[in-house]
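Visitor: only geometry, no sequence info:
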């Protein structure tokens, strides 16, 4: 039934790319050990990475033989790079990050492995949304910040010394919900129009969630001062709405709303004012409020074209460089070329996701889910890289796969697991045992 | 759905392109402008890693060294003799380098010996640069003693060995403490007395009657040995709306010798007219007064290009024309008179030592330079001895050594104040001589300049060469 040679080719291609990624990661990790004159035992996270990469490759060969062979190597390259970066910038977190990588890989593979899979996600969208909002509510009430700083945003839930950021789980839930909701309602949204007296209004099925979503992001912003999370959620929502309806006017309306929220936020909240002011003109306050962004630009400048070399620059002068400013550290030690490579990897991932979305056009849920994953990862990496380079105001989100942060790594891998699954057109037969009526995404 | 998906993909790709361009902008185009920013900690870090060499005096007493704080691991440049600042200079992350620290920066950093290829390897591997050491001809003890002679007076003193041309002391007051430069920089730069200016090498002053030896040299070379016939008996000389007085109080002027002994400008106006403009120019040029001296530290000379009437015999002959000089210029004149008419090649750097190497002597930058004839120079030297024994420079006399000296007054300050000058020399018992030049700003009492000059010579003579 299945021609063996194309499948072999996919596996071979992925293997070759993973070996290249492995060479890059190993070379950098060994370079770091040499630069720091560390013990060879410090290489153990590399062993974990090799284990994760091999496990992923072997498992995918079995589970998803027709997957996109580019995704896993790109993701593992970025994750390995991040592992080296965390070891270089915040060595105390290195072990933690390596363990999180193992957990994240397992999480991603679980998405490929679970039998009911995508359909369950689609069917129970309101359940997921409810769980997500419950998590968010819990954070609002009993959230903490692992640093213990009473003024830092409390975006984490802590249990037994392990901290988890529910907004990471919320990302997955949001994309799944939106993909499911829009896949079902998009025809309605496109055709229906509501009328109020003489005025022709956008359809309510679109209007209601739009307003809801905007309100939800504002709550996130006001309650938690999570500027990054709020902008990310809203932008992803807008992009997915546009992807499903193709109506540019919604995009414009949404961006106007975002701008309005920005203006209001600027008036009301110190954190928004700080970010905007230090973005527009950081130089007069380089020693006070704008210290972080100016130091970030200095790190980029210090890197120049080819960088200082791993472990040989001074990126730790940038505050919280290991999470929000990982990209500045890459620019300093690997130079503009290295940072461009990292950007390219993120761009490849986004483009593959969009390609998968186009390929699955006939299955709206899968298509929208793939697009949503690509948009989320792309927007997130754009928000932080552009922020670090003073192109847009800073929003504290992580650089996907690279920055330090366990929940971020786990949620990104889960999304990649879903993406890999969608990329394999043959992954459907797994669901046949479920004796249910065919759903929309089974349609040819 | 394909079109919106494609458009979204294109939009994201475009945004990634913008990020790539921003990378190029900050990392390549704006790179240099950013890296020189003061709040770039990498500058500090790089400097901290450089093991900057030492500066030592002629007896290998340390004048500048980098010390590491064992507690913090941070390094700081330390200057045990702040009086040596006019020569040693300063080294500051914020304000750069000055003095010998600037002139020999490459050697002190070790870059002077690093081949370009080696330099690339070093930068790639981030190996610390190890600097070389500089030995000065300065004598730290003499420098300190001579600095004290000035107390709080503004002025400059230079002591130089003859015929070697080795600068033993070079004092400029007020000066700065290089150990505390960063914290005091604002005060120092705004200070109207200009403590950051090296008066000895870069302070341009009216020479006034201290120029007489040069004019006299030209006259003697031209055969003019008597008071000019056109002299009408005026001792002082008119300048603008005032008069430049004699530096001493002469009992009477009967010959050229007397006019020189008592530093009276009047007869020299007539003398300059007698020898003519051409020979006057040649004499001033011969003593190197028209150009910046060749020296390891930055030097200056009067800008005469803008002056339509140089030399003006009536004014330039008495040092009140457009020619201004630095104390270093006058030290050259003093050294030439001590050296039978030849200016030794001045220098303040004696030897240089590569990291891990031994001291290698350094040749002076310039060459010895002839001025007037040996006979004329010796004649002037003899008159200088008389000026100390029985003339205007008596305050320079020392009990154990024969001092040759000449004092001068110059009308200089913006309020018409006088500067006092002294140039002189004394022979060493072991051979050779020490020459000195002293300038005191706003000091109408030439005796003080002579006294300080004598004491400075004493400080140098008492020390072993």
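Guide: Now that the structure is in, tell me what you want to look at. Since we're looking at a predicted model, the values are computed, not measured.
Visitor: Just give me the residue right at the centre of the chain.
Guide: Here I'm looking at chain A. The residue lying closest to the centre of chain A (CA atoms, centre = their mean) is residue A:377, at 3.7 Å.
Visitor: that answer is for a different chain, and I need it for chain B
Guide: residue B:201 (2.3 Å).
Visitor: Make sure that one is actually in contact with residue B:328.
Guide: Yes - if you go by CB atoms under 8 Å, residue B:201 and residue B:328 touch, sitting 4.9 Å apart. Where C-beta positions appear, they are placed from N, C-alpha and C, glycine not excepted.
Visitor: Between those two, which contacts overlap?
Guide: Shared contacts of residue B:201 and residue B:328 (CB atoms under 8 Å, 6 or more residues apart in numbering or on different chains): B:293, B:295, B:299.
Visitor: Based on its surroundings, how many neighbours for the last one?
Guide: Yep, that's residue B:299 we're talking about. By the criterion of other CB atoms under 10 Å in any protein chain shown, residue B:299 has 18 neighbours.
Visitor: which ones are touching it?
Guide: Residue B:299 neighbours (CB under 8 Å, 6+ apart): B:201-202, B:292-293, B:326, B:328.
Visitor: Which pLDDT value goes with the closest residue to residue A:369 other than its chain neighbours?
Guide: Closest residue to residue A:369 apart from its sequence neighbours, by CB to CB, 6 or more residues apart in numbering or on different chains: residue A:179 at 4.1 Å. As predicted, residue A:179 sits at a pLDDT of 91.
Visitor: does residue A:179 count as helix, strand or coil?
Guide: Following DSSP: H, G, I helix; E, B strand; the rest coil, residue A:179 is assigned to helix.
Visitor: How about the contacts made by it?
Guide: Contact analysis of residue A:179 by CB under 8 Å, 6+ apart lists A:122, A:240, A:365, A:368-369, A:371-372.
Visitor: how about the residue lying closest to residue B:207 once chain neighbours are set aside, secondary structure?
Guide: Leaving aside its sequence neighbours, residue B:207 sits nearest to residue B:319 (CB to CB, 6+ apart; 3.6 Å). On the three-state scheme (three-state DSSP), residue B:319 is labelled coil.
Visitor: how close does residue B:319 get to residue B:213?
Guide: Residue B:319 sits 11 Å away from residue B:213, going by CB to CB, to the nearest Å.
Visitor: Same drill for the two, tell me which one is more crowded.
Guide: In this view residue B:319 and residue B:213 are compared by other CB under 10 Å, and residue B:319 has more residues nearby, 30 against 27.
Visitor: hang on, the more buried one packs against residue B:411?
Guide: No - checked against CB under 8 Å, the pair residue B:319 and residue B:411 is beyond contact range at 9.1 Å.
Visitor: Can you show me the strands along chain A?
Guide: For chain A, strands defined by DSSP state E occupy the ranges A:157-159, A:162-164, A:194-196, A:199-201.
Visitor: can you redo the shared contacts of residue B:201 and residue B:328 as a markdown table with pLDDT?
Guide: Formatted as a markdown table, the shared contacts of residue B:201 and residue B:328 follow (pLDDT from 0 to 100):
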| residue | pLDDT |
| --- | --- |
| B:293 | 95 |
| B:295 | 95 |
| B:299 | 95 |
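Visitor: got a markdown table for these, with secondary structure too?
Guide: A markdown table is the format used below for these (three-state DSSP):
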| residue | secondary structure |
| --- | --- |
| B:293 | coil |
| B:295 | coil |
| B:299 | coil |
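Visitor: related to what we said a few turns ago, looks like the residue nearest to the centre of chain A contacts residue A:347 (just checking).
Guide: No - taking contacts as CB under 8 Å, residue A:377 lies outside contact range of residue A:347: 10.3 Å.
Visitor: Can you report how many residues neighbour residue B:242?
Guide: With neighbours defined by other CB under 10 Å, the count for residue B:242 comes to 11.
Visitor: typo on my end, residue B:373
Guide: 14.
Visitor: and what of residue A:20?
Guide: Residues lying near residue A:20 (other CB under 10 Å) number 12.
Visitor: do the one 3 residues further on as well
Guide: Other residues lying near residue A:23 total 10 when counted by other CB under 10 Å.
Visitor: do you know how far the residue in the stretch 51-200 of chain B that chain A sits nearest to is from residue B:428?
Guide: Using CB to the nearest CB, the single residue of the stretch 51-200 of chain B nearest to chain A is residue B:126, 4.6 Å away. The gap separating residue B:126 from residue B:428 is 51 Å, by CB to CB.
Visitor: Just the buried positions in stretch B:113-124, please.
Guide: For stretch B:113-124, burial by neighbour count (16 or more other CB atoms under 10 Å in any protein chain shown) applies to residue B:114.
Visitor: tell me the mean pLDDT for it?
Guide: Throughout stretch B:113-124, pLDDT has a mean value of 76.
Visitor: quick one: is that stretch near chain A?
Guide: Yes - Stretch B:113-124 reaches chain A (CB under 8 Å from any CB of the partner chain) through residue B:124.
Visitor: what's next to that stretch, contact-wise?
Guide: A:309, B:111, B:127, B:129, B:132, B:354-355.
Visitor: nearest to residue B:57, of these?
Guide: Each of these was checked against residue B:57 using CB to CB; the closest is residue B:132, at 16.4 Å.
Visitor: I'd say the closest one and residue B:353 touch.
Guide: Yes - assessed by CB under 8 Å, residue B:132 is found in contact with residue B:353 at 5.7 Å.
Visitor: Pull up the overlap in contacts between those two.
Guide: Shared contacts of residue B:132 and residue B:353 (CB under 8 Å, 6+ apart): residue B:53.
Visitor: which residue does the stretch 351-465 of chain B bring closest to chain A?
Guide: Proximity of the stretch 351-465 of chain B to chain A (CB to the nearest CB) peaks at residue B:355, 22.3 Å away.
Visitor: how near is residue A:282 to chain B?
Guide: For residue A:282, the distance to chain B equals 11 Å [CB to the nearest CB, to the nearest Å].
Visitor: OK, contacts around the closest residue to that residue other than its chain neighbours?
Guide: In space, and not counting its chain neighbours, residue A:282 is closest to residue A:290: 3.4 Å by CB to CB, 6+ apart. Contact partners of residue A:290, counting by CB under 8 Å, 6+ apart, are A:277-278, A:282-284.
Visitor: Which of the helices or strands spans residue B:156?
Guide: Assessed by DSSP states H and E, residue B:156 sits inside strand B:155-162.
Visitor: Quick check: residue B:94 touching residue B:39?
Guide: No - if you go by CB under 8 Å, residue B:94 and residue B:39 don't touch, sitting 10.7 Å apart.
Visitor: Counting neighbours, go ahead and name the busier of these two.
Guide: residue B:39 (13 against 10).
Visitor: Surely that one is in a helix?
Guide: No - applying three-state DSSP, one finds residue B:39 to be coil, outside a helix.
Visitor: circling back to that earlier point, can you add neighbour count, secondary structure and distance to residue B:273 and give the contacts of stretch B:113-124 back as a markdown table?
Guide: Listed next are the contacts of stretch B:113-124 as a markdown table, based on neighbours: other CB atoms under 10 Å in any protein chain shown; DSSP: H, G, I helix; E, B strand; the rest coil; distance: CB to CB, whole Å:
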| residue | neighbour count | secondary structure | distance to residue B:273 |
| --- | --- | --- | --- |
| A:309 | 20 | coil | 74 |
| B:111 | 15 | helix | 55 |
| B:127 | 11 | coil | 68 |
| B:129 | 18 | coil | 61 |
| B:132 | 23 | coil | 55 |
| B:354 | 17 | coil | 57 |
| B:355 | 13 | coil | 60 |
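Visitor: Identify the farthest-apart pair in those residues.
Guide: Farthest pair in those (CB to CB) is A:309 and B:354. Separation: 27.9 Å.
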